[in-house]
Structures are given as C-alpha cells and as structure tokens.
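A.B. asks: Here is a sequence with its predicted model. Questions after.
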Amino acid sequence: MHRALPENAPFNATQHERNNAPMVLAAGERWSFARFILAFANGLRASACRHVERDPIAKSSRYFMADRPEAVAELIERHASRPAANQC
C-alpha cells in the first residue's frame, strides 16, 4: 500500500463517502512506525471511515505475521467473531 501512495493520494483525497466497513489497524509494538498508528486511525476516521480500531501485536516487529502468527490468528478470530451490529 505505501509504495502506491504517490499515485493513490490524489484519488483518496476525493473520497468522502461514509465507509462503514470495519477496519483493524494491527502493528507490531516494536515496529518503528507503531507510534503512528493512532494518527493513521484518526486520519482514516477523518476521511469518512466510521469503524477503525487499533490492535497492537505484543512482542513483535514490522513482520508480525512471522514473529507472532498465533497472535495474528487470535486477533482475526476475535474481531471476525463480533456480531455485525456492533461493527458499524
């Protein structure tokens, strides 16, 4: 996603329709950009995304899928098992 940002930024800036799709921003807590996840979430909310959550992956880095696959599986199960009424 980040590699396409220069091309996507002008298009994304024009998108302001309400987006009710649930979104979870997961990042390894040791990743150098983890401190920006709150700003990313706030930016998405300001751009009409209505259901954005943050969920850090403890004891992991940028490559949290490799570092902690069991934690990623648990995160997916936890968020995917929520009733739809609570997600929007």
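C.D. replies: Structure's in. What do you need?

A.B. asks: Could you use CA atoms for every contact and neighbour count after this?
C.D. replies: Fine.

A.B. asks: and the closest residue to Asp55 other than its chain neighbours, what element?
C.D. replies: Closest residue in space to Asp55, ignoring its immediate chain neighbours: Ala26 at 4.9 Å, by C-alpha to C-alpha, 6 or more residues apart in numbering. Following DSSP states H and E, one finds Ala26 within strand 23-28.

A.B. asks: Pull out the CA atoms of the helix or strand just after that strand and give them to me as CSV.
C.D. replies: On the C-terminal side of strand 23-28, the nearest following helix or strand under DSSP H and E is helix 37-46. Once non-C-alpha atoms are left out, helix 37-46 reads as follows in CSV (Å, rounded to 0.1, in the frame of the first residue of the first chain):
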residue,chain,number,x,y,z
ILE,A,37,-0.9,4.0,14.3
LEU,A,38,-3.1,6.4,16.3
ALA,A,39,-2.5,9.1,13.7
PHE,A,40,-3.3,6.7,10.9
ALA,A,41,-6.5,5.7,12.6
ASN,A,42,-7.5,9.3,13.2
GLY,A,43,-6.7,10.1,9.5
LEU,A,44,-9.0,7.3,8.3
ARG,A,45,-11.8,8.4,10.6
ALA,A,46,-11.4,12.0,9.3
